[in-house]
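K.L.:
predicted model and sequence below, questions to follow.
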Amino acid sequence: MILEKHPDLFTTEFEKNKEILFEVAIIRTKALRNEIAGYITAAMHDQMEEPEGQTIEDVVAQPAE
């Protein structure tokens, strides 16, 4: 996966991610590039929301206080 291969290149900015995809991958259509950039942007937002050192599984497994 592109995000696993280049995790330090992508950001939470959709436009920047589109530019990066253009440089690191051959994507035949604009629509597909935009869809992939949107997925990466959402994944980066999710990653930013997780507390450092915790995975989403850790957060879900904690009992409510």
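P.N.:
Alright, I've got the coordinates.

K.L.:
can we go C-alpha only for contacts and neighbour counts from here?
P.N.:
OK.

K.L.:
flag every buried residue along the longest helix along the chain.
P.N.:
Scanning the chain for the helix with the most residues, using DSSP state H, yields helix 30-49. The neighbour-count check on helix 30-49 (16 or more other Cα atoms under 10 Å) flags 33, 34, 36, 37, 38, 40, 41, 42, 43, 44 as buried.

K.L.:
also stretch 1-11?
P.N.:
Within stretch 1-11, the residues that qualify as buried are 10, 11, counting by 16+ other Cα under 10 Å.

K.L.:
straight-line length of that stretch, end to end?
P.N.:
Stretch 1-11 has its terminal residues 16 Å apart, counting by Cα to Cα, to the nearest Å.

K.L.:
please apply the same query to stretch 21-30.
P.N.:
11 Å.

K.L.:
ok, now stretch 18-35?
P.N.:
By Cα to Cα, one end of stretch 18-35 lies 9 Å from the other end.

K.L.:
can you check stretch 22-41 too?
P.N.:
Stretch 22-41 has an end-to-end distance of 15 Å (Cα to Cα).

K.L.:
could you work out the most separated pair of the buried residues of helix 30-49?
P.N.:
33 and 44 (16.3 Å; Cα to Cα).

K.L.:
the longest helix of the chain packs against which elements?
P.N.:
On a contact count with 3 or more Cα pairs under 8 Å, 6 or more residues apart in numbering; DSSP states H and E, helix 30-49 meets helix 14-24.

K.L.:
quick check: mean pLDDT across the helix it packs on?
P.N.:
Per-residue pLDDT over helix 14-24 has a mean of 96.

K.L.:
tell me which residues in it are buried?
P.N.:
By 16+ other Cα under 10 Å, the buried positions in helix 14-24 come out as 14, 17, 18, 20, 21.

K.L.:
what packs against that helix?
P.N.:
helix 30-49.

K.L.:
contacts for the helix it packs on, please.
P.N.:
Residues from elsewhere that reach helix 30-49 (Cα atoms under 8 Å, 6 or more residues apart in numbering): 3, 10, 11, 12, 13, 14, 17, 18, 21, 22, 27.
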